[in-house]
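Peer 1: Sequence first, predicted coordinates after that:
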Amino acid sequence: MEKDIQLTKEDFTSDQETRWCPGCGDYSILAQMKKVLPTLGIPKENFVFVSGIGCSSRFPYYLDTYGIHGIHGRAPVIASGVKLARPDLKVFVITGDGDGLSIGGNHLIHLFRRNIDITIILFNNQIYGLTKGQYSPTSEKGKVTKSSPFGSLENPFNPVQMALASGATFVARSIDRDPKHLAETLARAAKHKGTAFVEVYQNCNIFNDGAFISLTDPKEKKKHLLKMEHDKPFVFGEKDEHLLAWTGKKFAVASSDMKENGREILKHNENGSGPAVEFMLASLSHGPELPTPIGIFRSIEMETYDEMLTQQVEHAKEKKGEGDLKKLFTGGYTWTNN
Amino acid sequence: MSEKDVQELERVTICFAGDSGDGMQLTGSQFTNTTAGIGNDLNTLPDYPAEIRAPIGTTFGVSGFQIQFSSSNVHTPGDSPDVLVAMNPAALKVNLKQLVNNGIIIINTDSFQSRNLTLAGYASNPLEDGSLDGHQVFPVNITGLTREALNDVDLSLKEKDRCKNFFALGMTYWMYSRPLETTETWIGQKFKGKDALIEANTKALKAGYSYALSTEIFTTSYKVPKAEKQAGHYRNITGNQGIAFGLITAAKKAERELFLGSYPITPASDILHELAKHRNFGVKTFQAEDEIAGIGAALGAVYAGALGVTTTSGPGIALKSEFMGLAMMTELPLVIINIQRGGPSTGLPTKTEQSDLLQALYGRNGESPIPVIAAAGPADCFNAAFEAARIALQFTTPVILLSDGYIANGTEPWLIPDPGTIPDIVIKQPRTDEEYLPYKRDPERLSRLHALPGTPGLEHRIGGLEKQDVTGNISYDSDNHDKMVRIRADKVGRINRFVDDPELIGKDHGDLLILSWGSTYGPILAAVEKVQKQGREVSWCHLRWINPLPSNLSRFINNFKTVLIPEINLGQLSKVIRAEYLVDARGFNKVRGLPLKTSELLEEIDSILKGLN
């Protein structure tokens, strides 16, 4: 079947004019998504994109697939209903840091723990864009915005940590200015069976320009960005001269010739490096000195909710037979009036 | 043993009351099944505390079960019991004030000890202080007699004491000439494999019966002859069961999978429980993380092609209102069910009320019309749920179904329909060989066609932003918005052309028109039957749909001297009717968390008619 599906990115371009601000990071995510979708071997009519409210949530309008632009924060629940009713569909959730982590935070964590087969892309620009520039749940503490003229008093969420802690089976991070990495990560997430979560660092050039500049600036980024690769050591630096070493409690920077000193180097294991390592890796993005990792933090297989629900239905039909209204109505105590 | 007197009665109301651990709901349901089996018409109402296990012996831990049965038609569980079975002082205290004058009280004297009296708030023993004068009191040491009857059964004392409700049940079976077989069969099935429990419960039941037969306390037993009821196969059904069955049937007849997204809430949870049992019908129930997720998942399932339903009570509706707006805007067939309870806020979770009508009609931002249908009684819940689903699917609109705690938990006999005679729900699908325009409408119904994901060539996007007419693309155009607001109102408004008008009972003019909706049906029917028999000029119309209002109402509503609207709220339908028809409708409003009483309504009708003449 899959081989018969010949699709291109043009097939996924809708007739609607894209209306994000010029220079917005969302364009890059849309472009990479259009590149990835034709490669998945899934018929176009089986894709459903669900979004909430915010700049990111306009995404479904620009793709020629089935789509629902929902209400603020609630895309995960709509998507859950779509997938549970129709497990044959490939369902995406498009959300942002405000939509997914503030007003809709509750739904996101419950989706993670249920492991419904849905791919979630969270555009994190660390600001409220559509409402014109208030601090978001991922904004850094002290951020001065229209709603926090004296500085925000709130600690930011770390979306990757939240996903890991809630039991998501696939957790990754990528960045809008690295199209190749972004495309690869989106493809991996889309192919994962179970709830897949990708945080995408996305620049809002109007209200929070340069939020990720240290990770995207060609001169700077090698110092601050750590690209995690499965079964490879955590190497970074302008000439890959640094290495992240695991002390048993935390990460520390070592030089990449550490191995010669006779100590074992920790290699990245996507498929279960354990909560301590996963969690500490996730925390690096919010620390002052260590590099920010992008790539896949966790990718494990686990039975999905939608599969188990389908099994319950099938088992019930096998055991009790296909539902029969007459039997249903007359179950329990009945009597006849003549 | 002397020959005892047997008297014939037309109708009787019994209330079984005890501690929430005394098994009163079970006792009541056994009495109900037996009574149904011998052909009486009946109606029941459980009344249990909000607390799961309130402290034993207290008034707020009292659990009651009321049944009215008769040789003629029964429409309510009865205003006031003729008989009270009180298993402890608290049960007596809570229920005595409802009892008719000279009512029968059967008391378990073993529980009338000082500690229980104190817990119930009695300063002196009502059995001794004369406070029960004016009633026929039958003091029976039920606990002691049960223990005695189970002397040689191999069970602990605690287990034996749990059988005392069957002793009480046995006594009432003798008093009202009921056979024991139905309950004996039930005991055998329920405790299959536990012989000691079968023996104990059967013995307790029989001992109660024999005690009442042989003792000199009870001098009279009563007979309530069979009722003239439509021939057919019956079962007893609660409103919540009726809704669950109605939804399963609608899904089957529409060839859609049934998907319920719900969050547990009293008194709606039993619909979730019932539907969760029926996976073999392809029913998928999803217990969501909150009320919003419940409706959101249901709406997602609808978009994907299921019959999507969400069930809740008033506080849940408040949380769901934004999603209801999205369902209305995207014109998707979602069924929203509100089992109303006492409000506002958390209110009275286990009590009944009709106070969410205006919330259902208007509780959303913007011009947001949603059809509203109300169920009239437990058995009618089946029809109302089926009808709600049919209209939702055929008109591509969310529909709100209103029920309430009274009919949700109350039961009445349901004439089991032949599934083959229930019509299919036909849903039009868009064609794949022409351009799909998501908001192109059926000229008659103004419904749109809903293309299901997975259909090649019909890919489209919908959402909560205003739509351009026909294409469904986002539009901020002011004239288009004005047009769409009117189309959505018109679409809901014209549903009354496609549903049955409510029946006008009585003449289309006269002194008094009673207008009503929802669960007040039973008490009002009982009152109207009575006054019409007396030859008085009273007509009655009970609404099924409240939005849209029926097209026939304007033809007669102005032909009456008085329009009376009884409701369990402060006059919510009254407001709508006054605004819509410019009539000086008056309300009859009681907001006590209880069903309306037929007797009170009769008094009100009397005083209105007296004032007119």
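Peer 2: Received it, and whenever you're ready, just let me know what you need.

Peer 1: For the stretch 51-200 of chain A, what lies in contact range of chain B?
Peer 2: Contacts of the stretch 51-200 of chain A with chain B, taken as C-beta under 8 Å from any C-beta of the partner chain, map to A:60-61, A:64-71, A:74, A:77-86, A:88-89, A:106-107, A:110. Yep, even glycine has a C-beta here, placed from its N, CA and C like the rest.

Peer 1: Got a ChimeraX select line for the buried ones in those?
Peer 2: Buried residues among these (16 or more other C-beta atoms under 10 Å in any protein chain shown), as a ChimeraX selection:
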select /A:60,61,64,65,66,67,68,69,70,71,74,77,78,79,80,81,82,83,84,85,86,89,106,107,110
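
Peer 1: Now, the residues of the stretch 51-200 of chain A next to chain B that are in strands?
Peer 2: A:66-69 (DSSP state E).

Peer 1: Turn these into CSV, including pLDDT.
Peer 2: Output for these, formatted as CSV (pLDDT from 0 to 100):
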residue, pLDDT
A:Tyr66, 98
A:Gly67, 98
A:Ile68, 98
A:His69, 97
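
Peer 1: all strands for the stretch 151-300 of chain A, in order.
Peer 2: A:170-175, A:196-201, A:225-227, A:235-236, A:242-246, A:251-255, A:292-299 (DSSP state E, counting those that start in this stretch).

Peer 1: likewise the stretch 501-613 of chain B?
Peer 2: Counting by DSSP E, counting those that start in this stretch, the strands of the stretch 501-613 of chain B are B:504-505, B:510-517, B:538-543, B:545-547, B:560-567, B:586-589.

Peer 1: Mind putting those strands into a markdown table with mean pLDDT, mean neighbour count and distance to A:Tyr201?
Peer 2: As requested, the strands of the stretch 501-613 of chain B are exported to a markdown table (pLDDT from 0 to 100; neighbours: other C-beta atoms under 10 Å in any protein chain shown; distance: least, C-beta to C-beta, whole Å):
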| stretch | mean pLDDT | mean neighbour count | distance to A:Tyr201 |
| --- | --- | --- | --- |
| strand B:504-505 | 96 | 17 | 67 |
| strand B:510-517 | 97 | 23 | 55 |
| strand B:538-543 | 98 | 22 | 57 |
| strand B:545-547 | 98 | 22 | 48 |
| strand B:560-567 | 98 | 22 | 57 |
| strand B:586-589 | 98 | 18 | 59 |
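
Peer 1: Can I get the ones you listed in JSON lines including distance to A:Thr185?
Peer 2: Shown next, in JSON lines, are the strands of the stretch 501-613 of chain B (distance: least, C-beta to C-beta, whole Å):
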{"stretch": "strand B:504-505", "distance to A:Thr185": "67"}
{"stretch": "strand B:510-517", "distance to A:Thr185": "56"}
{"stretch": "strand B:538-543", "distance to A:Thr185": "57"}
{"stretch": "strand B:545-547", "distance to A:Thr185": "49"}
{"stretch": "strand B:560-567", "distance to A:Thr185": "59"}
{"stretch": "strand B:586-589", "distance to A:Thr185": "62"}
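
Peer 1: out of those, nearest to chain A?
Peer 2: Across these, chain A has its closest neighbour in strand B:545-547 (22.6 Å, C-beta to the nearest C-beta).

Peer 1: so what secondary structure elements neighbour that closest one?
Peer 2: helix B:357-362, strand B:372-374 (3 or more C-beta pairs under 8 Å, 6 or more residues apart in numbering or on different chains; DSSP states H and E).

Peer 1: Please give the centre-to-centre distance between it and its chain.
Peer 2: 18 Å (C-alpha atoms, centre = their mean, to the nearest Å).

Peer 1: Okay, B:Thr266 and B:Gly64: tell me how far apart.
Peer 2: Counting by C-beta to C-beta, to the nearest Å, the gap from B:Thr266 to B:Gly64 is 17 Å.

Peer 1: neighbour count winner among these two?
Peer 2: Comparing B:Thr266 with B:Gly64 by other C-beta atoms under 10 Å in any protein chain shown, the one with more neighbours is B:Gly64, at 25 against 17.

Peer 1: Let me see the contact set for the more buried one.
Peer 2: Residues near B:Gly64 by C-beta atoms under 8 Å, 6 or more residues apart in numbering or on different chains: B:15-17, B:24, B:46-48, B:91, B:94-95.

Peer 1: burial measure for the spatially closest residue to A:Thr216 that is not a sequence neighbour, as a count.
Peer 2: With sequence-adjacent residues excluded and distances taken as C-beta to C-beta, 6 or more residues apart in numbering or on different chains, A:Thr216 is closest to A:Arg177, at 4.1 Å. By the criterion of other C-beta under 10 Å, A:Arg177 has 19 neighbours.

Peer 1: In this structure A:Arg177 contacts A:Ile29, no?
Peer 2: No - using C-beta atoms under 8 Å, A:Arg177 is not in contact with A:Ile29, being 10.7 Å away.

Peer 1: Reformat the strands of the stretch 151-300 of chain A as TSV; add distance to B:Ala304 and mean neighbour count.
Peer 2: Output for the strands of the stretch 151-300 of chain A, formatted as TSV (distance: least, C-beta to C-beta, whole Å; neighbours: other C-beta atoms under 10 Å in any protein chain shown):
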stretch	distance to B:Ala304	mean neighbour count
strand A:170-175	23	28
strand A:196-201	19	27
strand A:225-227	37	21
strand A:235-236	44	20
strand A:242-246	44	20
strand A:251-255	43	16
strand A:292-299	27	23
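
Peer 1: For burial, what's the neighbour tally of B:Arg578?
Peer 2: When neighbours are defined as other C-beta under 10 Å, B:Arg578 has 17 of them.

Peer 1: Apart from its chain neighbours, what residue comes closest to it?
Peer 2: B:Ala585 (5.4 Å).

Peer 1: dump the residue contacts of that neighbour.
Peer 2: B:Ala585 neighbours (C-beta under 8 Å, 6+ apart): B:515, B:563-565, B:574, B:577-578.

Peer 1: Which pair of the residues you listed spans the longest distance?
Peer 2: Largest separation among those by C-beta to C-beta: B:Leu564 and B:Arg578, giving 12.7 Å.

Peer 1: Top of the contacts of B:Gly64 by number of neighbours, please.
Peer 2: For the contacts of B:Gly64, neighbours tallied by other C-beta under 10 Å; top is B:Phe16, 33 neighbours.

Peer 1: tell me the phi and psi of it?
Peer 2: Main-chain torsions, B:Phe16, degrees, to the nearest 10: phi -100, psi 120.

Peer 1: separation between it and B:Arg364?
Peer 2: B:Phe16 is 43 Å from B:Arg364, where distance means C-beta to C-beta.

Peer 1: just B:Ser221 next, same as before
Peer 2: 57 Å.

Peer 1: The two: which is more packed in?
Peer 2: B:Arg364 (19 against 16).
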